[in-house]
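Enquirer: model the following, please.
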Amino acid sequence: ARVLAGPQVVQTVQCRCGTRFCFCCGREPHDPASCDKVQQWEKKHTASAREKLTARWLASNATPCPKCSAHVIRSSGCNH
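Expert: Coordinates of the predicted model:
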C-alpha cells in the first residue's frame, strides 16, 4: 500500500513470511507518519531516555562538589 505523507511516500510492504515493514526505511509500518517524522520522534525519545539513565547513574554514583557543584566520582582514597 502506498500512502502520500507530504513530500515523501510511505510504503508498507509484507514479506512472504507475513512480516510487515516500511520499504523506505526498514522500520515497522508507521503509516501515515513519514520516515523523517518517525526518525525525529525516535531521536527525541531515545535522547530523553538516555538523559534519564545518565541522571539516575550520577545520582547513585557521584556527589556534587561543595564549591562548584560539578559531579565528582571518587575512585579511591580518603577524604583527607
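Enquirer: burial measure for the nearest residue to residue 63 once chain neighbours are set aside, as a count.
Expert: Nearest residue to residue 63 in three dimensions, chain neighbours excluded: residue 72, at 5.6 Å (Cβ to Cβ, 6 or more residues apart in numbering). The way it works is simple: take the backbone N, C-alpha and C, and place the C-beta from them, glycine included. A count of nearby residues for residue 72, using other Cβ atoms under 10 Å, gives 11.
Enquirer: these two touch, right, residue 72 and residue 65?
Expert: Yes. Using Cβ atoms under 8 Å, residue 72 is in contact with residue 65, at 5.0 Å.
Enquirer: need phi/psi at residue 41.
Expert: In terms of degrees, to the nearest 10, the main-chain angles of residue 41 are phi -60, psi -50.
Enquirer: got a list of what it touches?
Expert: Neighbour list for residue 41: residue 33 [criterion: Cβ atoms under 8 Å, 6 or more residues apart in numbering].
Enquirer: could you pull up phi and psi at the residue nearest to residue 63?
Expert: Backbone phi and psi, for residue 72 under degrees, to the nearest 10, turn out to be phi -120, psi 130.
Enquirer: against residue 46, how distant is it?
Expert: If you measure residue 72 against residue 46 using Cβ to Cβ, to the nearest Å, the figure is 28 Å.
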